[in-house]
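Asks: below are the sequence and a predicted model for it; my questions follow.
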Amino acid sequence: MVEKLCDDQDVILVLDDDEMVEEMVEEIVERGGCLHISFNDPGEALQYYIENSPKITLMITDLTMPKLPGPDLIRRALQINPKLPIILMTDYAEEHIPDDVRPLVHRVLPKPFMKTDVLDAVRSALDKIDHQHPSA
């Protein structure tokens, strides 16, 4: 049994154009007790975020995607909510992350990653948020 990572109000937006990765991350955060909304299309994810940003606690996104690359999505999401914690997944070395984006993300998860890597990143990101988690 995985410890509960999220409060009832936490919602994680998961985005990867690779359905297998998106589903794996979705399953991991779900097992951590987190509500989530998932997308394979970055344009759809951005539109959802624009319309629902107050509900989203954390974003987990891929670096390279067609139509709207991860760095562009990150910049636009942070224009809406500068405090949104973001976990960036990537198949590439960190040198491929634009210099202005690196300080904007909470954590970079190199692919392939282990479930514990995702759980640790989510736990760490949520711990930095202003709301209080219930004590165990």
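Replies: Everything's here; your move.
Asks: what residue ranges in the chain score low on pLDDT?
Replies: 1-3, 130-136 (pLDDT under 70).
Asks: can you give me the helices for the protein?
Replies: 19-31, 42-52, 70-80, 115-127 (DSSP state H).
Asks: relative to the whole chain's centre, how far out is the last one?
Replies: A distance of 10 Å separates the centroid of the chain from that of helix 115-127, by C-alpha atoms, centre = their mean, to the nearest Å.
Asks: next, the angle from that helix to helix 19-31.
Replies: Helix 115-127 runs at 60 degrees relative to helix 19-31, counting by axes from the mean of the first three to the mean of the last three C-alpha atoms, to 10 degrees.
Asks: for helix 115-127, packing partners?
Replies: helix 19-31, strand 58-62, strand 86-90, strand 107-110 (3 or more C-beta pairs under 8 Å, 6 or more residues apart in numbering; DSSP states H and E). Where you see a C-beta, it was placed from the backbone N, CA and C, and this is true even at glycine.
Asks: likewise the second one?
Replies: Applying 3+ C-beta pairs under 8 Å, 6+ apart, one finds that helix 42-52 makes contact with strand 11-15, strand 35-39, strand 58-62, helix 70-80.
Asks: contacts for stretch 70-82, please.
Replies: 15, 42, 45-46, 49-50, 53, 56, 59, 61-65, 84, 86, 88, 90, 97-98, 100-101, 104-105 (C-beta atoms under 8 Å, 6 or more residues apart in numbering).
Asks: alright, calling it a day.
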